[in-house]
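Participant: here's a sequence, model it:
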Amino acid sequence: MATVNKSQRKFQPPDWFTNSFMMSANSVRQRQASHDIRQETRALRLSAALRAKWDNYYNTTRLADRLDTVISFKDILELAKSKLDEEIAKLSAGKDALEKQIADMQIPEDCNVECLTLRDRRRGVDFNEDKPEYELKAEQELLAKCKKRLQQKVDEAYDQLLLLQEVRQQVLKDLQDKNETIDIDIEQYKLVPSCPGVSYKVNPTRVPKGTTTLKQWEDFTRYNWQRTEAEIGASERLREAIFYVMHQTENELEAQARATDFALRKRSHEDKAALDELNWQRKQTEDEIAEMLNDLEKLEQELMDQIPPTKVAQTRLERRTYRPGVDLCRDGPQYGLTDEVKQLESTRQALLMKQHEARHQLDALERQLNRLKDDIALKERSLRLDSDCLELRRERMGGSGKLEDKQLDCKKLLAEQATGDEIVCQEKEVEGVPTYSLLDRKAAACAVISPRSSCCT
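Facilitator: Now for the predicted structure:
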């Protein structure tokens, strides 16, 4: 009864054999794993000793190479510092040579402003950006640029000195860092395990904040050298430009003044030609208006003349509708009268349409005539203003942008010894811009031929 009540599970014989085989196999595998670990441990121990020795040697060699590199970069920076000191001395010596030739530009500047103010009084379509306007504004810009250019060069020299000082300070800071780096690396190059202070450190492999890459380090020193070369080159070019700008200013102002005067004279001639054209167009328009009025009167008379025939034809057609009986037929007279009424009505409509078109065109002609008269007034005003500008420039600037003594006897000066005033008597020509003497001769020739002639081109 006791065996029957037991519910314990019994393994089968294959399970027993399987368990025995697994125990043997696991024992073999564990022994093999232990053997492998022992061999790897011995290899690692020997490798660790060798690696520690060679790593120390390699890093000591790297420190030596790094010291050589830093020292070579330090030598480059010292050369840059010496060149900067030399250039700063040169630029400081020539910084005070640019404080002249400014006061004489006030007269052409005032004249230019007055001319622009006069031409701002133009009205309507004449208030445009024409060639004189462009040249006057260009002259204004050139005057402002030239007036500032001399002082600007002084400011540029001062700014360049600041840049050179800034580069010098940056080079000095880099030199200081290089010297400190050399001291630190020499100390680490000589460091051995027996030195004081050698101990375990907390997180020695951390990357400090602000750490740069080797390329960034090289680029920084290279940037300091390249910037030194660039600023020295800029300083040398600035010293050359200081002596060049004085001569350039006078030539540019004279050429621009002549171009402006020529544009004003050409614009005056264009205004005269446009004024003549407008007067001719006004006369032709007035004649056309007179002819249009005459034709309009004839057209209205023709409309009146069309009324009696129309009444007769319609009356005939209407009365023939009272014919009795079968005689009320569409015979030849019926068709003829019908066509006549239609033709008269078509003619009347055509005449009315032409009358409407003629009146519309007459209104357009009258509006155009008023526009012509307004434009003529604008052209006369613009011509007067441009003439005032030319006269003002002749009085203030001698007609060429330079103050000249009108009382000088040029022939006497050229015949006698040099006095320094011969340049006033010489006719100058700028490429593409006629001189004032040539323009005056052409204007006088045109005035002799005809006041309205267009020969002065």
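
Participant: where in this protein is pLDDT low?
Facilitator: Of all residues in the chain, those with pLDDT under 70 make up the ranges 1-8, 399-457.

Participant: quick one, helices of it?
Facilitator: In order along the chain, the chain carries the following helices (DSSP state H): 2-5, 13-93, 106-119, 131-189, 214-305, 307-319, 332-397, 410-415, 422-425, 436-449.

Participant: for the longest one, name the packing helices and strands.
Facilitator: Counting by 3 or more C-beta pairs under 8 Å, 6 or more residues apart in numbering; DSSP states H and E, the packing neighbours recorded for helix 214-305 are helix 13-93, helix 106-119, helix 131-189, helix 332-397, helix 436-449. Where C-beta positions appear, they are placed from N, C-alpha and C, glycine not excepted.

Participant: let me have the ones you listed in CSV, adding distance to residue 243 and mean neighbour count as columns.
Facilitator: What follows is these, written out as CSV (distance: least, C-beta to C-beta, whole Å; neighbours: other C-beta atoms under 10 Å):
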stretch, distance to residue 243, mean neighbour count
helix 13-93, 13, 12
helix 106-119, 24, 17
helix 131-189, 10, 16
helix 332-397, 27, 15
helix 436-449, 31, 14
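
Participant: let me have those helices in a markdown table, adding distance to residue 232 as columns.
Facilitator: As requested, the helices and strands packed on helix 214-305 are arranged in a markdown table below (distance: least, C-beta to C-beta, whole Å):
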| stretch | distance to residue 232 |
| --- | --- |
| helix 13-93 | 5 |
| helix 106-119 | 37 |
| helix 131-189 | 8 |
| helix 332-397 | 42 |
| helix 436-449 | 47 |
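
Participant: of all the helices of the chain, which lies closest to residue 205?
Facilitator: Shortest distance between residue 205 and the helices of the chain, using C-beta to C-beta, is found for helix 13-93: 13.7 Å.

Participant: ok, which of the helices of the chain comes nearest residue 326?
Facilitator: From the helices of the chain, taking C-beta to C-beta, the stretch that ends up closest is helix 332-397, at 13.8 Å.

Participant: what's the angle from that closest one to helix 214-305?
Facilitator: Inter-element angle recorded for helix 332-397 and helix 214-305: 130 degrees (by axes from the mean of the first three to the mean of the last three C-alpha atoms, to 10 degrees).

Participant: helix 332-397 to helix 106-119, inter-axis angle?
Facilitator: Going by the same axes, to 10 degrees, helix 332-397 makes 160 degrees with helix 106-119.

Participant: got the angle between helix 332-397 and helix 131-189?
Facilitator: Angle of helix 332-397 versus helix 131-189, following the same axes, to 10 degrees, is 60 degrees.

Participant: mind checking how far helix 332-397 is from the chain centre?
Facilitator: Once both centres are worked out by C-alpha atoms, centre = their mean, to the nearest Å, helix 332-397 turns out to sit 45 Å from its chain's centre.

Participant: ditto for stretch 255-266
Facilitator: Stretch 255-266 has its average C-alpha position 26 Å from the chain's average C-alpha position, going by C-alpha atoms, centre = their mean.

Participant: cool, stretch 196-207 as well?
Facilitator: Going by C-alpha atoms, centre = their mean, the spacing between the C-alpha centre of stretch 196-207 and its chain's C-alpha centre is 59 Å.

Participant: now do the buried residues in that stretch.
Facilitator: Under the neighbour-count criterion of 16 or more other C-beta atoms under 10 Å, stretch 196-207 has nothing buried.

Participant: could you list every residue that touches the residue lying closest to residue 110 once chain neighbours are set aside?
Facilitator: Closest residue to residue 110 in three dimensions, ignoring its sequence neighbours and counting by C-beta to C-beta, 6 or more residues apart in numbering: residue 396, at 7.5 Å. By C-beta atoms under 8 Å, 6 or more residues apart in numbering, the residues touching residue 396 are 107, 108, 110, 111.

Participant: and with 10 Å instead?
Facilitator: With contact taken as C-beta atoms under 10 Å, 6 or more residues apart in numbering, residue 396 is in contact with 107, 108, 110, 111, 112, 114, 115, 403.

Participant: any chance of those in a markdown table, plus distance to residue 296?
Facilitator: Supplementary listing: the contacts of residue 396 in a markdown table, determined by distance: C-beta to C-beta, whole Å:
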| residue | distance to residue 296 |
| --- | --- |
| 107 | 62 |
| 108 | 59 |
| 110 | 58 |
| 111 | 55 |
| 112 | 54 |
| 114 | 52 |
| 115 | 49 |
| 403 | 64 |
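
Participant: closest one to residue 353 out of the residues you listed, please.
Facilitator: Nearest to residue 353 out of the contacts of residue 396 is residue 115 (C-beta to C-beta; 54.7 Å).

Participant: from residue 298, how far off is that closest one?
Facilitator: Shown here: residue 115 relative to residue 298, a distance of 55 Å by C-beta to C-beta, to the nearest Å.

Participant: what do you get for residue 314?
Facilitator: Going from residue 314 to residue 298 by C-beta to C-beta gives 25 Å.

Participant: ok, residue 151 next?
Facilitator: If you go by C-beta to C-beta, the gap between residue 151 and residue 298 works out to 78 Å.

Participant: what's the answer for residue 38, then?
Facilitator: To residue 298, residue 38 is 135 Å away according to C-beta to C-beta.

Participant: ok, the residue lying closest to residue 126 once chain neighbours are set aside - contacts?
Facilitator: With sequence-adjacent residues excluded and distances taken as C-beta to C-beta, 6+ apart, residue 126 is closest to residue 382, at 4.3 Å. With C-beta under 10 Å, 6+ apart as the criterion, the residues that contact residue 382 are 119, 121-128, 130, 267-268, 270-271, 274-275.

Participant: for residue 227, same thing?
Facilitator: 80, 163, 166, 167, 170, 171.

Participant: for the last one, what are its contacts?
Facilitator: When you say that, I think you mean residue 171. For residue 171, the contacting residues are 76-81, 83-84, 221, 224-225, 227-228, taking C-beta under 10 Å, 6+ apart as the criterion.

Participant: run the last query once more with 7 Å
Facilitator: 77, 80, 81, 84, 224, 228 (C-beta atoms under 7 Å, 6 or more residues apart in numbering).

Participant: is it true that residue 259 touches residue 135?
Facilitator: Yes - in this structure residue 259 lies within contact range of residue 135 using C-beta atoms under 7 Å: 5.6 Å.

Participant: what about the residue lying closest to residue 329 once chain neighbours are set aside, distance to residue 316?
Facilitator: Across the structure, with C-beta to C-beta, 6+ apart as the measure, the residue nearest residue 329 apart from its sequence neighbours is residue 323 (8.0 Å). With the distance defined as C-beta to C-beta, residue 323 ends up 12 Å from residue 316.
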